[in-house]
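> Okay, predicted coordinates and the sequence, questions at the end:
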Amino acid sequence: MLALGQDEIAKYPFLADAGQYLKDKGFTLEQFGTDPDLKELIDKAYERIRVAADGKIYKSDLIEDQVSKEAALPREVFSFLLAIVLLKLSGMHTLIKRFSLAEARRAEKYLEKDLANISDESKKQLAIKIIDDLFSVQIEKLDDYFIIPVSDYLKHSINFHEREWKLINRHIENGQVFLTPHETVRLIRKELGTYINSKIVNAKAPTMIPGFEDSVNKLVMLSKKFSTFTVTTGEYPPCIKHAIDVLEKGENLPHSGRFMLATFLLSKGQSIQQIAPLFKNAPDYNERVTLYQLNHLSGTSGSGTQYSCPSCEKLKTQSLCFATSECDNIISPLQFGKKRK
Amino acid sequence: MNEIDIKFLENVFKKYYFEHFDLIRVPERTSEREFGYQKFNSGMTRHISVKDDKELHLLLMQNIPSDVYCSNAYYTFPNLPMNEKDWKEADLIFDIDAKDLNLSCRVNHTISICNVCNEISNNSEKCLKCNSTKLEKKSLPCKNCIDSSKTEVLKLTEILINDFSINKDDIHVYFSGNEGFHIYVYNSQLQQIGSRERSELVDYVMFNGAIPEKFGMKKFKPNRNSFPDFGGSGWRGRFSKYVFGSKSKRSKIISELISNGYSSFQKTLDDVSKNIGTKIDPNVTMDIHRIFRLPGSINSKSGLTKIYCKDLKKFDAYADSSFLSEDIVEVLANCPIEFKLKNKRFGPYNNEKVSVPTFTAVYMICKKLATIA
Ligand code: SF4
Ligand SMILES: [Zn+2]
Ligand SMILES: [Zn+2]
């Protein structure tokens, strides 16, 4: 893996091999539970998780990206590593998710700064290398921009729903997409979060360590706050209602509209036998073809992949969206009518 | 289709595959492709793997298919069920079809065949004889259809070459054998992207989903300097050429755009999309598991060959794609509009017995507008 300096480990602690790092520093987990000086670090680790759970980014002891004093550096890394231990001991998955995301956001800030660094070439190179190693995205510098191949760009950007990330709204030349340092890092946010998350999930779960119990219990309490449940109104969104109307009137619904309707209803758990009759009035209705297509979409035949309902963004570009105020803040018709409580 | 017509078509197709195997373009890495075929009046047989040219030839001779297909995807096990095939990558394919272009000529050469009473009439909504609405539409595309499709092909290839740096030699254009073109892109960085990524690519070439900010119009305090330059790269350049018309008009039009405001600019973008966006069938490009008509094979909708277009500009669809014999056959034709094949005019035929060359007979029989007399 990457050879990291002290500062780098503090900025990107997830790159370090946790167990090895502690050993190198001459500590065991048990010591943290018993030694009163070290125990403070467990509280710090808890704090790091709590802040993350609140959706904020943990404010580190690093000033700018320099370590303020000798001692701050190991503490910075320790609190991250201990946070992982606490999370594993608590077994609370919602917290792990939130923590990974917050840590990703934190690292993102450093990556962005390092990428934009013009005075220190080595910092920039390291950031490029991290991106390259972790996400296999080859980035290159061109004037004030970073450029990446369109195919790499697409793999990451399709998870974004804001229109400015659509390929049509990017500057493209020679099969490369031009990005600012900020955009470059933003592009891999999800992968960064997933990477950190998988590191935590795959870490060996320790058995309870004396001195860790209190914080672990506090985490279990904390995670209760975040369990959510949803209620649904059972109403169809306007786009779906419209499509059904069109079909009922015996008018022609474009292929994209049928695709939307079928995938939506399949996702809602309706069966092919329930859905097929909807298409009966279509001018070109053919039972065999319709069943074939529905089977294909549901993944029971053909490719075996179940097709998912298109996003609102996509449906807008296909002129299938008939948004009302109830559609505010949703990105897929599947989210329509679901309210968080 | 009745037995006699099927026998006739089968004989003609068999002869074609015997004599013109050289026209068939067996795709590279043949053994990694999925093949499929259809026979007259029966369903699709797919999930076939073929080792090489020879085996393909044999398959065609033995089965005399009405249509032959081959995947754009490469698989480890092309003959297994879909989810066990192990998808590796897929050539990028675009489909440009005259029927998607909303051309005004279309009504003039569309025929309605009643599914109930078989009555044939010029394009109409209801059967004139029995009032049924179960009509099958058949189009006999005209020169305008082909020329307009060609324009779209050129728009597309220009984007592929300029914006995506795709090698001209890696773009192959085929006439579909009916009323459009299939554009294949080989060896590009886009081989491995999945369906959702391809859908973004589709929006790009169609100019779908553009936002005003990226084309110069800010929501607040719009600034003249951010509008695209006349010679800008990619869509900014094409946008600028289309909207400004000429360099000299740029400044005046920018003033107009700014004074019309943000939401009117969004309308301008939609308008641009309709005019300079490429009109492709998005579903074709998005589907990475589809099987496509095999280049060089006959399209049973017309009896014409899906043929490689070496020089698109000079390509004459209804002359250069017809390879069937000139032997005269007698058919009972019911084709109310005129059409042109191999530079000869045919029709209209009003339920009459006529003697026509084989290629013409096949064309009409395939379109259900004639039967062997
Ligand atoms: S916003 Fe989404 S859910 Fe609402 S109508 Fe449009 S596509 Fe449908
Ligand atoms: Zn009728
Ligand atoms: Zn036409």
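That came through fine. Ligands and ions are numbered 1, 2, ... in the order given.

> Tell me where the stretch 151-300 of chain A has helices.
A:181-187, A:189-202, A:213-224, A:238-248, A:255-267, A:272-275, A:287-298 (DSSP state H, counting those that start in this stretch).

> just the stretch 1-150 of chain B next, same as before
Under DSSP H, counting those that start in this stretch, the stretch 1-150 of chain B gives helices at B:3-19, B:53-63, B:143-162.

> Of those, which stretch is the most buried?
Greatest average neighbour count among those goes to helix B:143-162 (a mean of 18), per mean count of other Cβ atoms under 10 Å in any protein chain shown. Yep, even glycine has a C-beta here, placed from its N, CA and C like the rest.

> which helices and strands sit right next to it?
Secondary structure elements in contact with helix B:143-162, counted by 3 or more Cβ pairs under 8 Å, 6 or more residues apart in numbering or on different chains; DSSP states H and E, are strand B:92-97, strand B:171-175, strand B:180-185, helix B:195-206.

> Kindly recompute the last result at 7 Å.
For helix B:143-162, the contact count by 3 or more Cβ pairs under 7 Å, 6 or more residues apart in numbering or on different chains; DSSP states H and E identifies strand B:92-97, strand B:171-175, strand B:180-185 as packing neighbours.

> Adding distance to A:S319, mean neighbour count and mean pLDDT, write the ones you listed out as TSV.
TSV is the format used below for the helices and strands packed on helix B:143-162 (distance: least, Cβ to Cβ, whole Å; neighbours: other Cβ atoms under 10 Å in any protein chain shown; pLDDT from 0 to 100):
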stretch	distance to A:S319	mean neighbour count	mean pLDDT
strand B:92-97	19	22	97
strand B:171-175	29	22	98
strand B:180-185	22	23	97
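
> circling back: so which of the helices of the stretch 1-150 of chain B is nearest ligand 3?
helix B:143-162 (3.5 Å; Cβ to the ion).

> Report the mean confidence score over the closest one.
Per-residue pLDDT values over helix B:143-162 give a mean of 96.

> That helix: how far from the chain's middle?
Distance of helix B:143-162 from the chain centroid (Cα atoms, centre = their mean, to the nearest Å) equals 11 Å.

> repeat for stretch B:337-353
The answer for stretch B:337-353 is 24 Å, by Cα atoms, centre = their mean.

> Likewise for stretch A:141-156?
That offset, for stretch A:141-156, works out to 20 Å (Cα atoms, centre = their mean).

> ends of it, how far apart?
For stretch A:141-156, the first-to-last residue distance is 19 Å (Cα to Cα, to the nearest Å).

> Could you list the buried residues of it?
Using 16 or more other Cβ atoms under 10 Å in any protein chain shown as the test for burial, stretch A:141-156 gives A:145-156.

> May I have the residues that are in contact with A:L22?
A:L81 (Cβ atoms under 7 Å, 6 or more residues apart in numbering or on different chains).

> distance of it from A:Q31?
Counting by Cβ to Cβ, to the nearest Å, the gap from A:L22 to A:Q31 is 9 Å.

> Format the helices of the stretch 151-300 of chain A as JSON lines; extra columns: distance to ligand 3.
Output for the helices of the stretch 151-300 of chain A, formatted as JSON lines (distance: least, Cβ to the ion, whole Å):
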{"stretch": "helix A:181-187", "distance to ligand 3": "44"}
{"stretch": "helix A:189-202", "distance to ligand 3": "47"}
{"stretch": "helix A:213-224", "distance to ligand 3": "65"}
{"stretch": "helix A:238-248", "distance to ligand 3": "27"}
{"stretch": "helix A:255-267", "distance to ligand 3": "21"}
{"stretch": "helix A:272-275", "distance to ligand 3": "36"}
{"stretch": "helix A:287-298", "distance to ligand 3": "26"}
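
> Which residues does stretch A:321-337 contact?
Counting by Cβ under 7 Å, 6+ apart, A:161, A:232-235, A:237-240, A:242, A:264, A:267, A:309, A:311-312, A:315 sit against stretch A:321-337.

> Considering the residues you listed, which member attains the minimum pLDDT?
A:T232 (57).

> picking up where we left off before, now narrow the buried residues of stretch A:141-156 to whatever sits close to chain B.
A:149-151, A:154-155 (Cβ under 7 Å from any Cβ of the partner chain).

> With distance to ligand 2 as extra columns, can I get those in a markdown table?
Putting these into a markdown table (distance: Cβ to the ion, whole Å) gives the following:
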| residue | distance to ligand 2 |
| --- | --- |
| A:P149 | 56 |
| A:V150 | 51 |
| A:S151 | 51 |
| A:L154 | 49 |
| A:K155 | 52 |
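
> residues in the stretch 1-150 of chain B within reach of ligand 3, list them.
B:105, B:142, B:144-145 (Cβ under 5 Å from the ion).

> Check the spacing between the closest residue to chain A within the stretch 51-200 of chain B and B:E34 real quick.
Among all residues of the stretch 51-200 of chain B, B:N83 sits closest to chain A, at 2.9 Å; criterion: Cβ to the nearest Cβ. Taking Cβ to Cβ as the measure, B:N83 falls 13 Å from B:E34.

> Please identify which of those two sits among more neighbours.
Neighbours per residue (other Cβ atoms under 10 Å in any protein chain shown) separate B:N83 from B:E34, with B:E34 holding more: 25 against 14.

> can you give me phi and psi for that one?
Here is the backbone geometry of B:E34 (degrees, to the nearest 10): phi -100, psi 130.

> who's in contact with stretch B:253-264?
B:212, B:217, B:219, B:222, B:224, B:227, B:243-244, B:265, B:268.

> do the same with stretch B:38-46
Contacts of stretch B:38-46 (Cβ under 7 Å, 6+ apart): B:1, B:6, B:9-10, B:34, B:36-37, B:63, B:65-67, B:291.

> what do you get for stretch B:302-310?
By Cβ under 7 Å, 6+ apart, stretch B:302-310 touches B:23, B:25, B:172-178, B:293, B:295-299, B:315, B:320-324, B:359, B:362-363, B:366-367.

> switch to 6 Å and redo it
Stretch B:302-310 has contacts (Cβ atoms under 6 Å, 6 or more residues apart in numbering or on different chains) with B:173-178, B:293, B:295, B:297-299, B:315, B:321-323, B:362-363, B:366.

> tell me which of the contacts of stretch B:38-46 is nearest to ligand 1?
Nearest to ligand 1 out of those is B:I291 (Cβ to the nearest ligand atom; 31.2 Å).

> contacting residues around that closest one?
By Cβ under 6 Å, 6+ apart, B:I291 lies in contact with B:34, B:36, B:69, B:71.

> Give me the neighbour count for the last one.
So the one you mean is B:S71. B:S71: 24 neighbours (other Cβ under 10 Å).

> mind checking pLDDT for it?
97.

> Which residue, other than its chain neighbours, is closest to it?
B:E34 (4.0 Å; Cβ to Cβ, 6 or more residues apart in numbering or on different chains).

> Tell me the strands beside the worst-scoring helix or strand of chain B on mean pLDDT, with direction?
Lowest on mean pLDDT, DSSP states H and E among the helices and strands of chain B sits strand B:120-122, with a mean of 85. Here strand B:120-122 is paired, per DSSP bridges, with strand B:110-114 (antiparallel).

> does the least confident helix or strand of chain B come close to ligand 2?
No: Strand B:120-122 does not reach ligand 2 (Cβ under 5 Å from the ion); its nearest approach is 8.9 Å.

> List the residues that contact residue 209.
Because you didn't say which chain, this covers chain A. A:29, A:33.

> Chain B is the one I meant
A:163, A:166, A:168, A:317, B:203.

> A:P13 too?
A:77, A:80.

> Just give the nearest non-adjacent residue to residue 316, would you?
Unless you meant another one, I'm taking chain A. B:G209 (7.4 Å).

> my bad, the chain I had in mind was chain B
Closest to B:D316 by Cβ to Cβ, 6+ apart is B:N343, at 7.9 Å.

> distance of the residue of the stretch 151-300 of chain A found nearest ligand 3 from A:V246?
Taking Cβ to the ion as the measure, the stretch 151-300 of chain A has A:N252 as its residue closest to ligand 3, at 20.0 Å. Computed as Cβ to Cβ, the A:N252 to A:V246 distance reads 8 Å.
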